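A.B. asks: One predicted model, sequence on top.
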Amino acid sequence: MNAPAGTFKERAHKALGDTNLKVALDRTTGNARTKRAAAVAAWPDFDEARKQSAAIKDHALDNFAYYLEQFERNALASGAKIHWARDAKEACAAVIDICRQAKAKTATRSKSMLGEEIGLPHALAEAGIRRVETDLAEHIIQLAGETPSHIIWPAAHRTREDVSRLFQQHHRDHRLLTEVEAMVASARHELRDDFFGADVGISGANYLVAETGAICTITNEGNAELTTTPPRVHIVTAGIEKIVATTEHALQLTRVLVRSATGADLTQYTTFHCGPKREGDRDGPEEFHIVLVDHGRTQMLEEMPEMLRCLRCGACLNHCVVYRKIGGHAYGGAYPGPMGSALTPVFDGLENTRDLPHACTMNGLCKAVCPVDIPLPTLLRDWRAKSFEAGYEPPGVQRALKIWTFVATRPRLYRAALAVALPLLRRLGKDGWISRLPFASAWTEARDFPTPPRQTFLAQIASGEQQ
Amino acid sequence: MTNTGGARQAAPKVGLFATCLVDMLRPNIGFSALELLRAAGCDVQIPRAQTCCGQPAYNSGDDGNARKLARQVIEVFENFDYLVAPSGSCASMIRTYPELFKDDPALSLRARTLAEKTFELLSFLVDVRGFRPANVSCKASATYHDTCSGLRGLGIKTQPRALLAAVQGLEMRPLEGDETCCGFGGTFCIKYSEISDAIVAEKAANIQATGADLLLGGDLGCLLNMAGKLRRAGATTRVFHAAELLAGRALHAIGEEKP
C-alpha cells in the first residue's frame, strides 16, 4: 500500500463531511446487516456453527507446517507450480516474473484483497503490464482510480448514481445508464474482449485445500472463472493462512462465510481449481502458478493467531459503528474496519497506525458477528497496550492517566479533590447543563454535560443524607 | 424493606461499587441501587476506599496503572459475598482482572475469585436474587438502550426488561438499533469526538423516533452521552438509569436540577 494522505483523524473528518459517502455506506451496510440477520435467524444454531468454524481454522493453524507441506505436495502433483514469498516484495516479484516469462502484456484480475495488501496493482503498473480488474466493483474503482473501501464490496463508498456517471465517462457506451441491469451489461461488454484476450489471469484464493492441492474461489459474478480459465497462464496469490485440511472443511466454512458476507446460502460460483489443463481437457490454463504469501503471517501465528482464522467476509465492517460512519478509505490500510484495524499495524507498523486500534468503542459487536469468533476487541486492546508500552501514545494521555491513577489510588486525596472540584464545576452549569467543559471540550463540542451534584454519592452517604 | 428473622441470616453481604461516574455525577443511581439491593434482601455496604475500576487506563493500553487500580478494587471488595455495580461496563472490567494479572499467580487467583462474584446490578437482582419490584408505578412511555458491555460482555438483555415489566403504568417501546453502540466508548468519545458525535447523532434520532417520554439504560457513561446529545438536539426525552425508575426515584432526570 502507498502511504495514505493525511492523518487518520483528517481522513475521518473528510469522510464524515461527505454526504454522498453517507448514503452509499448506509445503503450497503444496512442491506448487509438485514440480510445477514435473516440468514443467521434461519440457521438452527449459528453460534455453534461459528464455534465449529473457528475450530476448523484452528486445526489447520495448529498444524500449519504439516498442512502447508501437504498442500504443496498435492499441488505439485497436480501440475501446479508453487512459489513461496516471505513478504510483499517477494510476492509481487514472483507474479511479475511469471508475467514476464509469459511475455504478458495484459493481465486480468479477479478481486483479491491479498493483491491489495501486497501492492500488486502498483507492481503490475510499474512492470508495464496492463491490469484489467474483472470484478464489477473493482472495475468501478479502477475507472475511478481508487482503492477498495470494503473487502467484499470494494466500491461500497460509491452510490449507484456515481457509477452511472463513471461508466458514461469511461465506457464505449456513452449514454447515462441508470438501470442496474443496463450498467452491468455495459461493464460486461467492456470487459468481454479482455477476458478472452488476456495473457495472464490473476486470482486470489478463499481456501488452499491441503488434501487435494486445489485452491477455491468464491464469487457471485463468475468473473473469477473467466479470469482463471481462458488465459494461457493462471496465477493465484494467496496468504498462507488460507490453508484448510479438507474439501469438507472448505465447504463448511463457506456456509458461514457466505451467510456472514451477503446473507445468501451460497455464492453463485464456488470453484475448486486444481492444476493446469490436462490432456483432453477442453479448457483451462496451460500454466498454473500458486504464490504462497507469508507477509507477517508467521509472526501473527505467535502474536495473534486468532486473526489468522479470518475468512474476509466483511461482517465486522458492516456492523462496526465506526466503519459505518467513516467508510474504508479513512482507515488508510488495505483492509478497513475492525479486522483491518487488527491487521494494518502488522503490515504498516504500529507507530504509523496507532489510531486504528484506538478508533473503536469496544462494543464487541464485531466479535459477536464474526463467523470464526475472532476476539477483535481483545486484539485491538492488545495493540493499544503495545502502543502504550512502546511510548507511542500522546504525552497528554500518558500524563492524564498517571495523575488519575495517582489520585484514585489515594482515596482520601480523591475524596478531597472531588469535594473541591464539584462545586467549581457546578458554577459552569445553567439550567442543569454545562454547554462548554473547559478540560473536555471534545465532549461539549457535540453534546451537553449535566451539572454535577454538590456532593458525591459517597460524601452524601457519609453525611447521612439520603436525598 | 427490612429483613427479619431467618432472612437476616441468609442476607448476603454485598459491597456496592458505585462507580466513579455515579459517585461524581449521579448519586441518585447509587441511592437507587442501595434501596433495590436492600429490598432484594442484601446486607449492603458502601466501602469508603472505592474510587475507579481502572477501565480508562486499561482501554488506553496502560496496563501498569490499570493494575494499580484493579489491585485496590480487589483489596477493598474481596471480603464481600458479592461486588455489585450499577454498570455493565465497570462489572465487565472487574471480570477482566484475572487477565490483567496473568503473570502474577497469587493476584490472579484473588482477581478470579472477585470476578466470579462481581455482578451488574440489574442482572444481579434478577439472576441471583430473583427480585421483582413491588408497588412501583410510573405513568410514562419508555424505550431501552442495551449498553454494549452489559449486553455482549455479560449477556444482559432480558433482566432489565423483566424488572421494568413489573412497573405499573410503564409502556415500553422498541428502539431501532437498541443493540447498536451509542458511540460513548469511554475515552473514545473524547479521543475521536467527531466520529463519536456522528454515532450518537444517529442514536439520538432513533430514540426520538420512538416518541417515548423516557430513555432508560444500565450504564451512566452511555446515558450521559445520549442524554447530552438529546439535549443538544433539542429533544425533550428524559433520561434515567433503569435502577432509578425501579427504585421509585425517577423524579429528576439527567440534567434536571432539583428545585
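C.D. replies: Structure's in. What do you need? A quick note: this is a predicted structure, and the numbers were derived from the prediction, not measured.

A.B. asks: In three-state terms, label residue 37 for me.
C.D. replies: If you meant another chain, say so; for now it's chain A. When classified by DSSP: H, G, I helix; E, B strand; the rest coil, residue A:37 comes out as helix.

A.B. asks: can you pull the contacts of it?
C.D. replies: Residue A:37 is in contact with residue A:263, counting by Cβ atoms under 8 Å, 6 or more residues apart in numbering or on different chains. Any C-beta I mention is one placed from the backbone N, CA and C, and that applies to glycine too.

A.B. asks: interface residues of the stretch 51-200 of chain B facing chain A?
C.D. replies: B:51-52, B:54, B:56-63, B:65, B:68-69, B:72, B:148-149, B:152-153, B:179-181, B:183-186, B:188-200 (Cβ under 8 Å from any Cβ of the partner chain).

A.B. asks: OK, contacts around residue B:222?
C.D. replies: Residue B:222 is in contact with B:89, B:145, B:147-148, B:182, B:184, counting by Cβ under 8 Å, 6+ apart.

A.B. asks: What of residue A:229?
C.D. replies: A:201, A:283-285.

A.B. asks: Now with 7 Å, please.
C.D. replies: Counting by Cβ atoms under 7 Å, 6 or more residues apart in numbering or on different chains, residue A:229 makes contact with A:283-285.

A.B. asks: Poorly predicted segments of the stretch 351-467 of chain A, please.
C.D. replies: Confidence mapping of the stretch 351-467 of chain A against pLDDT under 70 gives the ranges A:465-467.

A.B. asks: Tell me where it has strands.
C.D. replies: With DSSP state E, counting those that start in this stretch as the definition, the stretch 351-467 of chain A shows strands at residue ranges A:433-434, A:449-450.

A.B. asks: which residue sits closest to the residue nearest in space to the middle of chain A, ignoring its sequence neighbours?
C.D. replies: In chain A, the residue lying closest to the centroid (Cα atoms, centre = their mean) is residue A:335, at 3.6 Å. With Cβ to Cβ, 6 or more residues apart in numbering or on different chains as the measure, residue A:343 is the residue that lies nearest to residue A:335, at 5.1 Å, once sequence neighbours are left out.

A.B. asks: how near is residue B:27 to chain A?
C.D. replies: Separation of residue B:27 from chain A (Cβ to the nearest Cβ, to the nearest Å) stands at 4 Å.

A.B. asks: count of neighbours near that residue?
C.D. replies: Neighbour count of residue B:27, defined by other Cβ atoms under 10 Å in any protein chain shown: 24.

A.B. asks: Quick one: residues contacting it.
C.D. replies: Residue B:27 touches A:453, A:456-457, A:460, counting by Cβ under 7 Å, 6+ apart.

A.B. asks: most neighbours per residue, which of the strands of the stretch 351-467 of chain A?
C.D. replies: Most buried of these, by mean neighbour count (mean count of other Cβ atoms under 10 Å in any protein chain shown): strand A:449-450, with a mean of 23.

A.B. asks: hmm, that one touching chain B?
C.D. replies: Yes - counting by Cβ under 7 Å from any Cβ of the partner chain, chain B has neighbours in strand A:449-450: A:449-450.

A.B. asks: Tell me which residues are up against that strand.
C.D. replies: A:432-434, A:437, A:443, B:25, B:224, B:227-228, B:254-255.

A.B. asks: if we go to 6 Å?
C.D. replies: A:434, A:437, A:443, B:228, B:254-255 (Cβ atoms under 6 Å, 6 or more residues apart in numbering or on different chains).

A.B. asks: Can you list the strands that it pairs with?
C.D. replies: Strand A:449-450 has the following strand partners under DSSP bridges: strand A:433-434 (antiparallel).

A.B. asks: Run the chain-centre distance for the partner strand.
C.D. replies: Put simply, strand A:433-434 sits 40 Å off its chain's centre (Cα atoms, centre = their mean, to the nearest Å).

A.B. asks: which residues make contact with that strand from outside it?
C.D. replies: A:428, A:448-449, A:451, B:255.

A.B. asks: nearest to residue A:189, of these?
C.D. replies: Proximity to residue A:189 was ranked across those by Cβ to Cβ; first place goes to residue A:448, at 56.2 Å.

A.B. asks: Under the pLDDT cut-off, which ranges of the stretch 151-259 of chain B? List them.
C.D. replies: Scanning the stretch 151-259 of chain B for pLDDT under 70 picks out B:259.

A.B. asks: Let's see that with 90 instead.
C.D. replies: Low-confidence segments of the stretch 151-259 of chain B, defined by pLDDT under 90: B:257-259.

A.B. asks: who in the stretch 201-350 of chain A is up against chain B?
C.D. replies: Taking Cβ under 6 Å from any Cβ of the partner chain as the contact definition, the stretch 201-350 of chain A meets chain B at A:321-322, A:325.

A.B. asks: Ranking by neighbours, what's the top pick from those?
C.D. replies: That'd be residue A:322 among those, by other Cβ under 10 Å, with 30 neighbours.

A.B. asks: Test my guess that residue A:234 contacts residue A:201.
C.D. replies: Yes - between residue A:234 and residue A:201 there is a contact under Cβ atoms under 6 Å: 5.2 Å.

A.B. asks: circling back to that earlier point, ok, now how distant is the residue nearest to residue A:335 from chain B?
C.D. replies: In terms of Cβ to the nearest Cβ, residue A:343 sits 18 Å off from chain B.

A.B. asks: Quick check: that residue vs residue B:49, distance?
C.D. replies: From residue A:343 across to residue B:49, the span is 43 Å (Cβ to Cβ, to the nearest Å).

A.B. asks: Domain parsing of chain B, as residue ranges.
C.D. replies: The record assigns chain B these domain ranges, following automatic domain parsing: B:6-126, B:133-246.

A.B. asks: Point out the other helices and strands that the helix or strand hosting the residue nearest to residue A:335 packs with.
C.D. replies: Per DSSP states H and E, residue A:343 falls inside helix A:337-348. If contacts are counted by 3 or more Cβ pairs under 6 Å, 6 or more residues apart in numbering or on different chains; DSSP states H and E, helix A:337-348 sits against helix A:315-319, helix A:355-358, helix A:376-389.
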